[in-house]
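A.B. asks: Give me a model of this one.
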Amino acid sequence: MEQYLFVEEDTVKQIDEKMPPEEELQDLAEFYKVFGDATRLKILNVLLCSEMCVLDIASVLKMSQSAISHQLRILKQMDLVKNRRDGKTIFYSLADSHIVTILNQGLDHIEDNGCEHSTPVK
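C.D. replies: A predicted model of the protein is given here:
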């Protein structure tokens, strides 16, 4: 068994028991990477307010439809957004309330650390 300078064996055992499997940690890392893009965060914040189609999201964010579609594809692959079809139009919305929580906690964290930022979304 390995020797530790300051960590008690019970603590190491507790850590080992609580550590998620490697595959889950890799999935979690991929999940958080999605939040590393400002455009995707803007889209998520737009969808906090309202379900929208690509054209409307592009208009609100003053971006091209192709740029929005590309980012929505990534967000959908990671199950952060869902869509529904109404005739020829596809509307996008947040997949669930966890996304709201993640965005709000991220903003709270930034604000608590003294970074200037706008008011957290509700």
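A.B. asks: Let's see whatever helix or strand Asp16 lives in as CSV, backbone CA atoms only.
C.D. replies: Assigned by DSSP states H and E, Asp16 belongs to helix 9-18. Extracted C-alpha coordinates of helix 9-18, given in CSV (Å, rounded to 0.1, in the frame of the first residue of the first chain):
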residue,chain,number,x,y,z
GLU,A,9,-5.7,6.0,5.0
ASP,A,10,-9.4,6.4,5.8
THR,A,11,-9.5,9.6,3.8
VAL,A,12,-7.9,8.0,0.8
LYS,A,13,-10.3,5.1,1.1
GLN,A,14,-13.3,7.5,1.2
ILE,A,15,-12.0,9.4,-1.8
ASP,A,16,-11.6,6.1,-3.7
GLU,A,17,-15.1,5.1,-2.9
LYS,A,18,-16.6,8.4,-4.0
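A.B. asks: Return the distance of that helix from the chain's centre.
C.D. replies: 29 Å (CA atoms, centre = their mean, to the nearest Å).
A.B. asks: Which of the three states applies to the spatially most central residue of the chain?
C.D. replies: Centroid check for the chain by CA atoms, centre = their mean gives Phe35 as the closest residue, at 4.5 Å. Of the three states, Phe35 takes helix under DSSP: H, G, I helix; E, B strand; the rest coil.
A.B. asks: so it sits right up against His109, yeah?
C.D. replies: No - applying CB atoms under 8 Å as the test, Phe35 and His109 come out as separate, 11.9 Å apart. (C-beta placed from N, C-alpha, C; glycine too.)
A.B. asks: Tell me where the model's unsure across the chain.
C.D. replies: The model of the chain has pLDDT under 70 over residues 1-4, 114-122.
A.B. asks: Tell me which stretches of it form strands.
C.D. replies: 52-53, 81-86, 89-94 (DSSP state E).
A.B. asks: Format these as CSV; extra columns: distance to Val12 and mean neighbour count.
C.D. replies: As requested, the strands of the chain are arranged in CSV below (distance: least, CB to CB, whole Å; neighbours: other CB atoms under 10 Å):
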stretch, distance to Val12, mean neighbour count
strand 52-53, 49, 18
strand 81-86, 40, 13
strand 89-94, 39, 16
